[in-house]
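Student: Quick one: sequence and predicted model below, then my questions.
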Amino acid sequence: MGNSVELVQLRRGPMIESMHLGDIAVVNAKGELLAWAGDPREKKAFWRSSAKPFQAMPVVESGAIDHFGLEERELAQMCASHSGEDIHVSTVRGILSKIGLDESYLQCGTHYPSHPETQARMRAAGETPIEVHCNCSGKHSGMLALGQMIGADLATYTELQHPVQQRDLESVAAFTGVTKEEIAIGVDGCGVPVHGLSIYAMAVAWARLVDPSGMPEEKAAAAKRVREAMMHYPYLVAGGGRLCTQLMEALPGRIVAKSGADAVYCFGLPEKGWGVAMKIADGGSRAIAPAVYRALSQLGHFSDEELQPLASLEQTILKNHRQDVVGNIQGVFDLQWA
């Protein structure tokens, strides 16, 4: 292994116009590095929203899901970076209602929905987005559910020393195998702590999400509930036209996946017990779909026929303003196997 390697190329006509470097790790639940590109043991990044399933684990472990009568689809929403569609907003509001809170408790910030039609409708109606439209409002509603369950101060739930964030940090440490002291802490886009880890450690956690047999019983049970919620409700995890939803709908029950900002992406294969994590070095999200597809095609788990519904991900076709095809963006790496 060595430095980050070229993962994705943008070709325009006969030339390579741009390229994206990055790192990939394929790991099993024992922490064995099975395949890689680049140097995933050394390369570190903030996990961003690919950590959300592990931030939802403490909600399950606390008993809050059952105590408040929360449904599996609502647990899936807690793991989401949603598009702000009506179904996402109503599901978050349902969570808040069940835990006895209103939207004023959310501290995730605001932005317009990323779903184009929903955003256009809101702008045309002169509607201003509120916290519930934020793509992280599901995660924050889960944090509030945990805070309610343990009787913590809800006004400060986003702070690192808050019991909710400390439980999340413990969950991240347990699944990655990295001590809390070794995890770099930053602030995520939605205002809560974000965890800096090697790409390898991210993959370890995702392997343990799909194969938690070596984890303590309580954590293994939580992992099962979280991954099944995501796979049963892929639309709530992302939304229309989004990669996470596409993958889980095309390969139902066979993959669980979650994006992260700045071109982090993680997925797990339950049948293999493998976790896969990747980071595009320059944060270029346009490289993610082609890189994910190429990784899937090289893992030897899915046949060409099984991947056919995802064939459009293999390359992004570039068109000019006249809609002429002028190039493409495509994965070019080969995984190295142990």
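Tutor: Done, it's in. Bear in mind the structure is a predicted one, so any value in this text is a computation, not a measurement. Numbering: from 1, shown residues only.

Student: drop to CA atoms for contacts and neighbour counts, all remaining ones
Tutor: Noted.

Student: residue ranges for the helices of this structure, please.
Tutor: 52-61, 64-67, 72-78, 86-98, 116-124, 137-150, 163-176, 199-210, 217-232, 234-237, 243-250, 288-298, 304-307 (DSSP state H).

Student: Render the CA-only coordinates of the fourth one in CSV, please.
Tutor: Pointing back at helix 86-98 there. Presented in CSV, the C-alpha positions along helix 86-98 are these (Å, rounded to 0.1, in the frame of the first residue of the first chain):
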residue,chain,number,x,y,z
ASP,A,86,-42.9,15.3,2.2
ILE,A,87,-42.5,11.7,3.4
HIS,A,88,-39.2,12.6,5.2
VAL,A,89,-40.6,15.7,6.8
SER,A,90,-43.8,14.0,8.0
THR,A,91,-41.7,11.0,9.4
VAL,A,92,-39.5,13.3,11.4
ARG,A,93,-42.5,15.2,12.8
GLY,A,94,-44.0,11.8,13.7
ILE,A,95,-40.9,11.0,15.7
LEU,A,96,-41.0,14.3,17.6
SER,A,97,-44.7,13.9,18.3
LYS,A,98,-44.1,10.4,19.8
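
Student: what does it contact?
Tutor: Helix 86-98 is contacted from outside by 68-70, 74, 77, 82, 102-103, 118, 132-133, 137-138, 141-142, 145, 236, using C-alpha atoms under 8 Å, 6 or more residues apart in numbering.

Student: circling back to that earlier point, quick check: which of the helices of the chain is buried the most?
Tutor: Comparing the helices of the chain by mean neighbour count (mean count of other C-alpha atoms under 10 Å), helix 199-210 comes out on top with a mean of 30.

Student: and that helix, how far from the chain's centre?
Tutor: Centroid separation for helix 199-210 versus its chain: 12 Å, with C-alpha atoms, centre = their mean, to the nearest Å.

Student: Next, format the helices of the chain as a markdown table and append mean pLDDT and distance to Phe46.
Tutor: A markdown table is the format used below for the helices of the chain (pLDDT from 0 to 100; distance: least, C-alpha to C-alpha, whole Å):
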| stretch | mean pLDDT | distance to Phe46 |
| --- | --- | --- |
| helix 52-61 | 98 | 12 |
| helix 64-67 | 98 | 28 |
| helix 72-78 | 98 | 19 |
| helix 86-98 | 98 | 25 |
| helix 116-124 | 97 | 27 |
| helix 137-150 | 98 | 17 |
| helix 163-176 | 98 | 12 |
| helix 199-210 | 98 | 9 |
| helix 217-232 | 98 | 21 |
| helix 234-237 | 98 | 20 |
| helix 243-250 | 98 | 19 |
| helix 288-298 | 98 | 16 |
| helix 304-307 | 96 | 30 |
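
Student: Out of the ones you listed, flag the one nearest Asp39.
Tutor: Asp39 lies closest, by C-alpha to C-alpha, to one member of the helices of the chain: helix 199-210, at 8.5 Å.

Student: which outside residues touch that closest one?
Tutor: Against helix 199-210 from outside (C-alpha under 8 Å, 6+ apart): 23-31, 33, 40-45, 47, 172, 175-178, 214-215, 223-224, 227, 266-270, 273-279.

Student: and of the helices of the chain, who's closest to Gly13?
Tutor: Going by C-alpha to C-alpha, the one of those nearest Gly13 is helix 288-298, 18.4 Å.

Student: Give me the angle between the closest one and helix 243-250.
Tutor: Here helix 288-298 runs at 30 degrees with respect to helix 243-250, directions being taken by axes from the mean of the first three to the mean of the last three C-alpha atoms, to 10 degrees.

Student: who's in contact with helix 288-298?
Tutor: The contact list for helix 288-298 (C-alpha under 8 Å, 6+ apart) reads 7-8, 243, 263-265, 280, 302-304, 307, 310, 313-316, 329-335.

Student: Distance check, the closest residue to Thr156 other than its chain neighbours against Arg294.
Tutor: Sequence neighbours aside, His162 is the residue nearest to Thr156 in space, at 6.8 Å (criterion: C-alpha to C-alpha, 6 or more residues apart in numbering). Separation of His162 from Arg294 (C-alpha to C-alpha, to the nearest Å): 40 Å.
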